[in-house]
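# I need the structure of the sequence given here:
(chains A and B)
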Amino acid sequence: MIDLQNLGALIDQVLVALSVITGLFALNSRRLLIVPLALQYVLAASLISSSIGAPLYAIRLTLGLATSAIIYITASRMASLPGHSAQLRTATQGADARVPQMGPVYRLVGLALAALLAYGLWSGGAIPQVTPAVSLTALWLGAIGACMIIMGTDPLRAGIGLLVCASGFLTLYLSVESSLLVVALAGLVDIIIALAVAYISEIWLEAAAPESTVL
Amino acid sequence: MIYGILLFPFAAAAIAFALRHLRFAAATFSAFASLVLAALLVLQANAPAATLFGRTLALSAPVGAHLAFSVALLAIAFISTWPLPENALSWMLAFLALGFLLWAVAIEITSLSVLFLIASTVFMVMCASADSTHPSMWSMRALVTLVTAGFLMLAAAWMVERPVMEGMTTPSQAGPILLFLGYWILLAAFPFSVWQFPAFRVNASIPRVLFGVILPHTLLIQLMIQLQGALAPLGSLVPALLFYSGMATLIMGGVGTAAQTTLGGMLAYLASAEMGAVLMALGSGASSSSALGVTGLVHRGIGLVAMGIGIRTLSLSLGNDGLETMRGAFRRAPVTVTGTLLAGLSLSGFPPLAGFATRFSLYRMVASEHLPWAVAMVITGLLPAAALARFALRAFQVVPVPRSRRERLWPAVLVLALGSLLLFIGIWPQALSSLFERWRDVLLFLTIPD
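Coordinates of the predicted model:
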């Protein structure tokens, strides 16, 4: 069991940051999801900065922000396509429309439950060689990422969930394995996953558009 | 030389991207580049290892030979895209996937190898999703599955490469288990087959070769090599798991093939069933198990490419790949129908085609131990043949085929050539031995501990 009283202010700060990030992920606007995505990259990189050193911290942060930028560009393109109005919106949010309960409140409740599960797991026992703040962040991000994948009704939202989940895992991994090559490759994998999410989202939208037009 | 091989696919990807709007040029260049890469992989067999940032880079002869074989099959898929158009980015994405895969097999540090493998599989998913014609979440789900499997392997690599963790006196036992689980998921063996089926249903040849030939070939060879290393603590558990999951995959593939209403769906389950047969052979523990498994893998690769191109040709000629659309197909596409049937029958293990040898050996092996299981396997092995008979009955009907056009000759000839090769190997298995004896030995060189 982790003795919460002795862990100090850092855990409180991490808990507040993670709660804010979790709340922001429940937002409806896909473009605004960039904010919690970038925030969690900053938080995760900051927590492992002492084990990977300043230069690798800068690399990790830059790659995280680049990943967020890729997702932002895709979300903006989805919103600004020429036919973006009723028809494309129906195509993009068709699944949401069929399940009207899955709005921001539903997402917030789902994410909060996932976060609680992560907190429960974290307080149940320590992960060897990993600081409590890093293990809490990793478990929390992994849980809410998995929750977003499950609840995602379009590739972009599910893809952001995958990126968050990956960030949680890589935070844990890089805190114990911090060679330059591994950090650089992990960042490259993050970027490639973000590119895949962007690409799949655009393909999905292109394929969905004619169907919505027919409807 | 090894740096040249490892950087070659990235250069080819850049050129393929530049040529993407010139289909003939891009297809021809991609096929030529793949053949050059295959030749380089064979020629470097005894090249010395290189060092990069203190990490050893090497491609052993068997790995090089298997990759060369897979890349040669990819070249055939590339050349078929000249008359059978696919997404303009497919060539580039395939080269990028190949490039990262080469790095994954060349680098000897497992954690780095896994990171390259994740990157490679992500590009494969992008390649498959490029040809989606209807909105589907499959690509994202496959991406999630593959990345999760990769992270499992990454965690395993860390446990294996750091044998004694702080506070522990013995190496973690979870490492080899997680590593094998990652391989199991990526190989799409039962019960993890579901993520792969839609990749075969996408009506495009390049993703079928990436997911059906290049990825499983590479993973199985890596798995067999790691049986002597990282997976050694699992001992005889790995062959047993391979055998039983292979049997389940074989039975599921056979039943699934019979239930399909499209040729793409049939190919997906046929390929899965044949992968089950290969896994059974590799895990059987018999003296000839690795040779039998690898032979099955080679025959499966040829059959899968032939049937994949055949389905693509038939879809273009008749409108789609639904079984009902195939009524009278032989009149419009006689060469393709013949080649596709030969390839399909080989994949289903029908005599006298090449795939029969592996299946017959497996049936005998299982029958000597558990007769009821062997009977179940034979029955499920007959189901794909029955499904192909349904296709043949429709194709040979003499009925008008409205809104259809003649088959494209070039891919049809490719399909028939590959199908005939499978028939030839099946009838006369020793025919090619004298010609390719050295390469046959290299291909079958890998061994699996009993």
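# count of neighbours near the residue nearest to residue B:98 when sequence neighbours are not counted?
Leaving out its chain neighbours, the residue that sits closest to residue B:98 by CB to CB, 6 or more residues apart in numbering or on different chains is residue B:9, at 4.6 Å. In this view, the C-beta of every residue, glycine as well, is placed from N, C-alpha and C. Applying other CB atoms under 10 Å in any protein chain shown, we find 24 residues neighbouring residue B:9.
# helices and strands around the longest helix belonging to chain B, which ones?
The residue-count maximum for a helix in chain B (DSSP state H) belongs to helix B:289-318. Using 3 or more CB pairs under 8 Å, 6 or more residues apart in numbering or on different chains; DSSP states H and E as the contact test, the elements touching helix B:289-318 are helix B:61-80, helix B:205-209, helix B:215-226, helix B:263-283, helix B:329-332, helix B:334-347, helix B:355-369, helix B:409-427.
# so it versus helix B:409-427, what angle?
150 degrees (axes from the mean of the first three to the mean of the last three CA atoms, to 10 degrees).
# on that earlier part again, let's have the helices and strands packed on helix B:289-318 in JSON lines, adding distance to residue B:51.
As requested, the helices and strands packed on helix B:289-318 are arranged in JSON lines below (distance: least, CB to CB, whole Å):
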{"stretch": "helix B:61-80", "distance to residue B:51": "18"}
{"stretch": "helix B:205-209", "distance to residue B:51": "32"}
{"stretch": "helix B:215-226", "distance to residue B:51": "20"}
{"stretch": "helix B:263-283", "distance to residue B:51": "32"}
{"stretch": "helix B:329-332", "distance to residue B:51": "56"}
{"stretch": "helix B:334-347", "distance to residue B:51": "42"}
{"stretch": "helix B:355-369", "distance to residue B:51": "40"}
{"stretch": "helix B:409-427", "distance to residue B:51": "40"}
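# looking at these, which is closest to residue A:141?
Closest to residue A:141 of these is helix B:215-226 (CB to CB; 28.6 Å).
# Pick out the residue in the stretch 201-350 of chain B sitting closest to chain A.
Nearest residue of the stretch 201-350 of chain B to chain A: residue B:202, at 11.2 Å (CB to the nearest CB).
# Residue A:128 in helix, strand or coil?
Using DSSP: H, G, I helix; E, B strand; the rest coil as the criterion, the local structure at residue A:128 reads coil.
# Low-confidence regions, chain A specifically.
A:1-8, A:81-102, A:209-215 (pLDDT under 70).
# Residue 47: what's it in contact with?
Chain wasn't specified; assuming chain A. A:14, A:131, A:133-134, A:137, A:171, A:175 (CB atoms under 8 Å, 6 or more residues apart in numbering or on different chains).
# To clarify, I was referring to chain B.
Residue B:47 makes contact with B:1-2, B:59, according to CB under 8 Å, 6+ apart.
# go with 7 Å
Contact analysis of residue B:47 by CB atoms under 7 Å, 6 or more residues apart in numbering or on different chains lists B:1-2.
# Let me know the secondary structure of the nearest residue to residue B:27 once chain neighbours are set aside.
In space, and not counting its chain neighbours, residue B:27 is closest to residue B:82: 4.0 Å by CB to CB, 6+ apart. What three-state DSSP gives for residue B:82 is coil.
# So residue B:82 versus residue B:179, what's the distance?
Separation of residue B:82 from residue B:179 (CB to CB, to the nearest Å) stands at 41 Å.
# so where's the stretch 351-450 of chain B shaky on pLDDT?
B:431-450.
# next structured bit after the strand or helix carrying residue A:136?
Assigned by DSSP states H and E, residue A:136 falls within helix A:132-151. Remark: after helix A:132-151, the chain's next helix or strand is helix A:155-176, criterion DSSP H and E.
# Within its local environment, how many residues does residue 195 see?
Went with chain A since none was named. For residue A:195, using other CB under 10 Å, the count is 17.
# The intended chain is chain B.
20.
# Hmm, it is touching residue B:145, no?
Yes. Between residue B:195 and residue B:145 there is a contact under CB atoms under 7 Å: 4.4 Å.
# ok, back up a step: so what's the residue nearest to residue B:98 up against?
B:37, B:95, B:98-99, B:102.
# And it, how far from chain A?
15 Å (CB to the nearest CB, to the nearest Å).
# That residue in helix, strand or coil?
Assigned by three-state DSSP, the conformation of residue B:9 is helix.
# Whatever residue of chain A ends up closest to chain B: helix or strand, and which one exactly?
Using CB to the nearest CB, residue A:208 is the residue of chain A that sits closest to chain B, at 3.9 Å. Assigned by DSSP H and E, residue A:208 belongs to helix A:180-214.
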